[in-house]
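Participant: sequence first, predicted coordinates after that:
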Amino acid sequence: MNILEDLWFGNISPWERPFKKDSAYAQLLALVIRHQDDLLGRLNDEEKEIFEKFSECSTEMHDLTEREAFVKGFTIGAQIIIEVMSNTSEEE
């Protein structure tokens with residue numbers, strides 16, 4: 001299977017990011033979870049609903065930003081490949 005077929009069949013997930021348990025990312029994630037749990041424990045039901053909506057909007061905005069960054073990075077990478085291949089052809 002080639003890379004395009006792997007991408008099509010879902011064998012490649014560019015949005016997934018494995019990380020080590022002792023990494024800076026893991027430590028930050030633990031802090032976020034701890035603070036979120038602490039905050040939720042202090043909120044009443046109405047405030048929890050507002051926080052949930054806030055979290056959903058934040059996640060959606062983060063997803064949009066990640067998708068745009070992926071597309072931009074992929075586009076730049078493709079442009080680099082095109083330029084390299086064009087220069088190689090000219091040199092030969």
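Facilitator: Looks like it came in fine.

Participant: over to residue 55. Which of the three states is it?
Facilitator: Classification of residue 55 using DSSP: H, G, I helix; E, B strand; the rest coil returns helix.

Participant: can you tell me how far it is from residue 10?
Facilitator: According to C-beta to C-beta, to the nearest Å, residue 55 and residue 10 sit 27 Å apart. The C-beta positions use only the backbone N, C-alpha and C, and glycine is treated the same way.

Participant: more neighbours: those two, which one.
Facilitator: The neighbour comparison of residue 55 against residue 10 (other C-beta atoms under 10 Å) goes to residue 55, with 12 against 7.

Participant: check which helix or strand covers residue 10.
Facilitator: Per DSSP states H and E: residue 10 is located in neither a helix nor a strand.

Participant: residue 82 now?
Facilitator: Residue-wise, residue 82 maps onto helix 45-91 under DSSP H and E.

Participant: what packs against that helix?
Facilitator: Applying 3 or more C-beta pairs under 8 Å, 6 or more residues apart in numbering; DSSP states H and E, we find helix 45-91 packed against helix 24-42.

Participant: just for the protein, where's the confidence low?
Facilitator: By pLDDT under 70, the low-scoring segments of the chain are 89-92.

Participant: at 50 what do you get?
Facilitator: Applying pLDDT under 50 to the chain picks out no residues at all.

Participant: ok, now which ones touch residue 53?
Facilitator: Listed by C-beta atoms under 8 Å, 6 or more residues apart in numbering, the contact set of residue 53 is empty.

Participant: surely residue 1 meets residue 8?
Facilitator: No: using C-beta atoms under 8 Å, residue 1 is not in contact with residue 8, being 9.3 Å away.

Participant: element containing residue 22?
Facilitator: Applying DSSP H and E, one finds residue 22 in no helix or strand.

Participant: ok, how many other residues are close to it?
Facilitator: 7.
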